[in-house]
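Visitor: Quick one: sequence plus predicted model below, questions after.
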Amino acid sequence: MDNQSISPRQFMFLVILFTVGSSILIVPSPLAIQAKQDAWISISISVLAGLLLTLFYNQVAKQMQNKTFVQATIYAFGNWVGRFLLVFYLSFLFILGALVLRNIGDFMTTEIIPQTPLQYTHILFLLVVIWGAFLGLEVLGRSAEMFMPWVVLFLLLFIFALLSEVNIENLQPYLGDGFTPVFSASTVVIGTPFLELVIFLMITPYVKDPKTKQRAWIIGVLVGGIILTMITLFCILVLGSDLTALNASPSYQVAQRINIADFLEGLEVVIGIIWMLTIFFKLAIIYYSVSIGVAQFLTMDDHRPLLLPLGMGMIVLSIIAYPDVAYFETFVSETWFPYALTHGLILPVIVWVGLMIRGMIERKKNNKKSNSQSS
Amino acid sequence: MNVVIKRGYFLITVLLCGALLSGCWDSDELDELGIVVAAGIDKTEDDEYLLVTQVINPSEIATEAPTTRPPASTYSTTGKTLLEAFRKMTHKSPRKMYLSQLRLVVIGKDLAEEGIMQPLDLFYRDHEFRTGFYVTISKETDVETLLSILTPYEKIPANKLMHSIEAVEENHGSSHGITIDELITQIRNKGQNPVITGLLMEGPAESGTNISNVENIDAPTKITIDHLGVLKGDQLVGWMNEDESLGYNYTQGDINSSVVTHPCSEGTAGIEILRGDNNMGVTFENDEPSISIELNLEGNIAEIDCPVDLSQADVIQQLNQQTEEEITRLIEESIAINQNEFETDIFGFGDLIHRKNPKYWKTVENNWDEQFKELVVEIQVKVELRRKGSATQPITKES
Amino acid sequence: MKRKSKNRKSQTASNALTPNLEDNLEVIKTSMGNSSDLVIRRVMIHQTPAAIIYMDGLVDNNSVQNFILEALMLEMPTEKPNHNLFESIKESALPIGEAEEIDCYNELFERLISGETILLLEQQSKAIAASTKGWRDRGVQETTSESVIRGPKESFTETMRTNTALIRRKIKDSNLRMEPKKIGTKTKTDVTVVYLEGTAESEVIDEVNRRLDQIDIDGILESGYLEEFIQDAQYSPFPTVYNSEKPDAIAGGILEGRVAIITDGTPNVLLVPALFVNFMQSSEDYYQRADIGTFVRILRLFCFFVALFMPSIYIAFTTFHQEMIPPPLLISLAAQREGVPFPALAEALMMELTFEVLREAGVRLPKPVGSAVSIVGALVLGQAAVQAGLVSPAMVIVVSITAICSFVFPAYNLAISVRILRFPLMLLAATFGLYGIILGMIAMVLHLCSLKSFGKSYMAPFAPFMPKDQKDVLVRFPHWGLLSRPSSMTKKDQQRVDSTSKEN
Amino acid sequence: MNMWYAFAVIFIAIAIFALQYPFLNKNGKRKDIWSFSIILLFFTSISVLQTLDVSLPNPLDYIEDFYKLILG
């Protein structure tokens, strides 16, 4: 594999962008449907859950010892069982990628360029993603550093420009329907960015400086979670929970309210750009991980030849993945959480346990060896 | 290796871009767009939607040498759905209707009485619409005539109306512009019913649609912003008069600046309200809610022609009190007419109860309008007149 | 090709000088093909036949006259020296700085052609080469392509020695190294690699030397030849080698730990590694006050974005996202477009191309005619085309703003790449609107981040982010605050300013 | 029209192959060439089927069915 490495800071930026990307579009609406004006509480709960998950992932990463998840699984379970497990893991990532691609395509073709065929929107986007995955992780990390100030700047603009539109009454009553809907809604957010963070198990071996990278991961999740919470909060504060639930992409709709000095209107497209940037990085990370995953699965030296063929598959999958938006909505609210849970929690747990057992066996072997050597 | 592959990727990208370039699906040149600034909706007799659009003629507006052509044109079509009507419009108009610049939707009176939610769906769903436009009801005239009136001073009639609505809201407070997303939220909200701005045409319709209307120094036909219409759900149930509209806006804290006129001894006093804040609260006694409205207003004496000595503190106090009474009267009237005549809660009392006591709200949610009729509302107005302008005393003939 | 030339070299190299003067002269004459500028002056020194050979025009006639001919013919000690005549001439007779002994034709020709004067003696298989180089040069003049308001106005010339002297005069440090090279099998161009020992990173120096030594070409006429050979990204529109004709800019670069490459025969000196930010900075930034320098730098960055994106954003806004245009502006734009026969893309492409043509024509034409071109351009395009309804006035404004913004960069080669990149962005904008522009921008940033210049990341110190270096990128701190050298360039010899040098 | 799209897809696939093959071949990794070709062939055929409007099985359906089965 290419010997690229990224700094903990770049890693943190990638985690932030990954957490925010695409969730920012699809999360507020289902949250508001279930938890109404308390959506921001449920998202805060899921950020906590996300942090716990990250702590767990860090443990797994420690056990993996500079191997990617794919290599570690093969190492722990051997060629056949390991590969069997990996088929599921890689297909999960692949499907995730296709869905993220479809998210941006759907968003673009509903809000900004409605007459452009979905395929072409996808092809163009994926071409740039492939270009990013081709150039490798180092370049992705650096460009994350380039774009991060802009993302932060525009988010601040978004928040400050909307401060005058905020209506604090939209948050009341707190917990009007009790805790149940709040908790059940929080699974949406746990499923959508936080369980997907399992993908960074493919990236961690390439991060320099093992000491700070754990902290970078946690801070990244925290910051990303806070951004998500802020956006959801602002959607509710400005639009009210009813309109937030009614809108397909409330975070975009809310940007339509921005009006600076009666001249700077219509900034929603600018905000749309920020969503696009974050989604780009999310998809680039997924795509990079999938391709190196497949390359390691097939024990190839280089993931680059795989980029274009996989891209063809991903475009087809993103088109056929769901026939209409309603299918997607039920899929996200019903199936995605258990699906993500299987691959984002259960599978890592299995691998983690496997790695520990493997480690113990190895240690015993070594002990025996050293014993026999010394005796 | 990199160089070869990089070159190849570049080649593929260029090829694909070339292929993609063959379609520019979404692009519309500016001169192919008919910029719609106002739309009117009504029902026809055979139960179809009547759609009227006011399209501006950019070259007439931006020109340095005005001709006699009108700055805006209207088109009207009918259709079973609004979308159908919009698309049918291309039969009549040379250009595609472009809707992002929409300022104003005018709903016909008949349609408003029937229910406005259905037609508004399109305006909210379609991506082309931005959500910052006002929804109004044409009070007497049919929408087609109303939208065909040419307005003096402001070339685009829809702009004139929008600015007037904003001006009335800011300077007098007897009307209230409502945007589509506010309207939809309130219609869907069980605890608050919406109000809607009324538009009124003055003068003969025939002369208003002619360019000569704006050639007169006093245009014979004008459109004025009327007071507020009251909706129950999405149906228009009645109109408030000026006092009631003012009272409504006081309760909502929507008064930025207004005027209170009231009689004082042997004359009248005009008070300019500068700013104020309002506070609505709910208290429960034996599970029965009662609403309290607190208003703290600050104002100036702007005009006074009664012989009082303004240098006396208790005279000011008296004026304060009179103003308070006047405002209380406005609010009371407004609440009374809604409680008794229209039976609809436009004040958001239900919403307030929902926020403060969601459990109680659950029990009354579904017949809130009935409950609303019995609701006790306490009004407390506090006015402080701080200044009296440049003159220290009423200016009278004798000194 | 390669092998042949080497063969030829080895042949001549084996040809050592003969003791016979006439034979030597014959060989020289035939090898040079009886060239008209070859001057052979026969003299007698102490009854020994001798010949002075030089190339007319390449030597300084005065020095040949005063220090060689006069010295040998008039001022020679009259007594016959007791030991070897050759040695005594070499040691005591020639009042000239560089005089070296040579013994083979190969070296003889090389020196002869580069302007040295050769002294051949009868009975000697050796010759003396005296450095009498000197030819007409332009002299140090004011720079034409990089003018400044404040700061030194001198510029490099075509002469290597003058150029090295200009740098030496700025950096009077014994650590300033100048490594000579000769590149080009036919032109044998002098190339000098200049750096500060102990400040520049040795990896970079080695890399520069390695890349320069690898070059095998018949001729180097300008530094552009070298640039294409040594630059990192061959297929990138962005320059990864900086060039300047201002000695102060180059000296500044050397002080930052960079390596300069001077090519004989061109006033453009190369400087590597070159990062993206270097192309956005002018040496004048350091001469103006710090706050003004900062403002100008931010202005340039802004202009970079305008020059790159303005036409494409105009296309995207007017054909895709009309809702983003403020209403009064939209109305006036729509009014302007009435009757324009071309779609916005064609209009923009047409205007941009016309402008490029005008610019190119303005550069090529002699100055008096050049202004005529600009008048014609301004009148024909600005006035007539609008009045004829061929283009909308707004488009003229957009193109002019773009053009003006692209002239702001101090580095001409960055402006070129910006101009080229504008066109694909315009195509993307016409197909996908802002979506296309943003994807184009992302692809561009990805590309920029992947570039390297002599092992240094091109986008440093933004990506990878170096907090310490930010003092001299967008913001320029006052000189007493520029404590360390940019660590994106060199990690050695970091301290620049002693923090106590400015009292408060 | 769909036919042309299908041809375009095949053309692109050939282009990808032509682009990658020399590089893979130079490295002399037989297995890599095979994996690459199989993946390319698989996805190309899927893409061709998709452009020809053949309704392809949607993996999301299976996932949904599976979890419905498990969660009841």
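Guide: Cool, the structure landed.
Visitor: alpha carbons only for contacts and neighbour counts from here, please
Guide: Will do.
Visitor: Quick check: longest helix in the chain by residues?
Guide: Picked chain A for this. Assignment by DSSP state H gives helix A:69-107 as the longest helix of chain A.
Visitor: meant chain D actually
Guide: Max-length helix for chain D by DSSP H is helix D:2-27.
Visitor: Spell out which residues make up each domain of chain B.
Guide: Following automatic domain parsing, chain B resolves into domains at B:31-239, B:242-387.
Visitor: any idea of the mean pLDDT in the last one?
Guide: Think domain B:242-387. Domain B:242-387 carries an average pLDDT of 80.
Visitor: Kindly report the same for the first one.
Guide: This predicted structure assigns domain B:31-239 an average pLDDT of 81.
Visitor: hmm, back to that, quick one: which of the domains of chain B is nearest chain A?
Guide: Of all these, domain B:242-387 sits nearest to chain A, with 4.2 Å by Cα to the nearest Cα.
Visitor: Would you mind listing what in chain D touches chain B?
Guide: Within reach of chain B by Cα under 8 Å from any Cα of the partner chain, chain D has these residues: D:19, D:20, D:23.
Visitor: For chain B, what is the nearest residue in chain A?
Guide: residue A:173 (4.2 Å).
Visitor: contacting residues around that residue?
Guide: A:37, B:354, B:355, B:356, B:357, B:358 (Cα atoms under 8 Å, 6 or more residues apart in numbering or on different chains).
Visitor: nearest to residue C:350, of the residues you listed?
Guide: residue A:37 (53.7 Å; Cα to Cα).
Visitor: circling back to that earlier point, how about the longest helix of chain D and chain A, any contact?
Guide: Yes - counting by Cα under 8 Å from any Cα, contacts between helix D:2-27 and chain A involve D:13, D:16, D:20.
Visitor: so can I have TSV of those showing pLDDT and neighbour count?
Guide: Below are the residues of helix D:2-27 next to chain A laid out as TSV (pLDDT from 0 to 100; neighbours: other Cα atoms under 10 Å in any protein chain shown):
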residue	pLDDT	neighbour count
D:13	86	21
D:16	82	20
D:20	79	21
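Visitor: From the residues you listed, pick the one nearest chain B.
Guide: Nearest to chain B among the residues of helix D:2-27 next to chain A: residue D:20, at 7.4 Å, using Cα to the nearest Cα.
Visitor: ok, stretch A:154-169 near chain C or not?
Guide: No - on the criterion Cα under 8 Å from any Cα, stretch A:154-169 is out of touch with chain C, staying 14.7 Å away.
Visitor: now that stretch, how far from the centre of its chain.
Guide: Chain-centre distance of stretch A:154-169: 25 Å, with Cα atoms, centre = their mean, to the nearest Å.
Visitor: Looking at the domains of chain B, which is nearest to residue A:74?
Guide: Nearest of these (Cα to Cα): domain B:31-239, 48.8 Å.
Visitor: Give me the distance between the two termini of that closest one.
Guide: 42 Å (Cα to Cα, to the nearest Å).
Visitor: close to chain C, is it?
Guide: Yes - using Cα under 8 Å from any Cα, domain B:31-239 reaches chain C at B:31, B:58, B:59, B:60, B:61, B:62, B:63, B:100, B:101.
Visitor: which one of these sits closest to residue C:428?
Guide: residue B:31 (21.1 Å).
Visitor: any idea how far that closest one is from chain D?
Guide: Look at residue B:31 and chain D: by Cα to the nearest Cα, to the nearest Å, they are 32 Å apart.
Visitor: Please apply the same query to residue C:433.
Guide: The value you get for residue C:433 to chain D, if Cα to the nearest Cα is used, is 24 Å.
Visitor: same question, residue C:318
Guide: Counting by Cα to the nearest Cα, the gap from residue C:318 to chain D is 31 Å.
Visitor: how about TSV for the residues of helix D:2-27 next to chain A, with distance to chain C added?
Guide: Converted to TSV, the residues of helix D:2-27 next to chain A look like this (distance: Cα to the nearest Cα, whole Å):
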residue	distance to chain C
D:13	23
D:16	20
D:20	19
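Visitor: Quick check: the two most widely separated of the contacts of residue A:173?
Guide: Pairwise across the contacts of residue A:173, and taking Cα to Cα, the largest span is found between A:37 and B:357, at 14.6 Å.
Visitor: Can you give me the neighbour number for residue C:334?
Guide: Residue C:334 has 23 neighbouring residues, counting by other Cα atoms under 10 Å in any protein chain shown.
Visitor: how about residue A:15, what does it touch?
Guide: A:197, A:217, A:220, A:221, A:224.
Visitor: Off-centre distance for stretch C:213-231?
Guide: With Cα atoms, centre = their mean, you get 12 Å for stretch C:213-231.
Visitor: could you give the mean pLDDT of it?
Guide: In this model, stretch C:213-231 has an average pLDDT of 90.
Visitor: What are the buried residues along that stretch?
Guide: Neighbour-count burial for stretch C:213-231 flags C:220, C:221, C:222, C:223, C:224, C:226, C:227, C:230, C:231 (criterion: 16 or more other Cα atoms under 10 Å in any protein chain shown).
Visitor: before we move on, the earlier item: need the residues of chain D next to chain B in JSON lines with distance to residue A:153, can you?
Guide: Output for those, formatted as JSON lines (distance: Cα to Cα, whole Å):
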{"residue": "D:19", "distance to residue A:153": "41"}
{"residue": "D:20", "distance to residue A:153": "41"}
{"residue": "D:23", "distance to residue A:153": "43"}
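Visitor: Does chain C have contacts with the longest helix of chain A?
Guide: No - Helix A:69-107 does not reach chain C (Cα under 8 Å from any Cα); its nearest approach is 10.5 Å.
Visitor: Run through the neighbouring helices and strands of that helix.
Guide: helix A:118-135, helix A:268-297, helix A:304-320, helix A:347-374 (3 or more Cα pairs under 8 Å, 6 or more residues apart in numbering or on different chains; DSSP states H and E).
Visitor: for those helices, which one sits closest to residue C:67?
Guide: Closest of the helices and strands packed on helix A:69-107 to residue C:67 is helix A:118-135, at 62.8 Å (criterion: Cα to Cα).
Visitor: I'd like the next helix or strand past that closest one.
Guide: Per DSSP states H and E, the first helix or strand lying C-terminal to helix A:118-135 is helix A:137-162.
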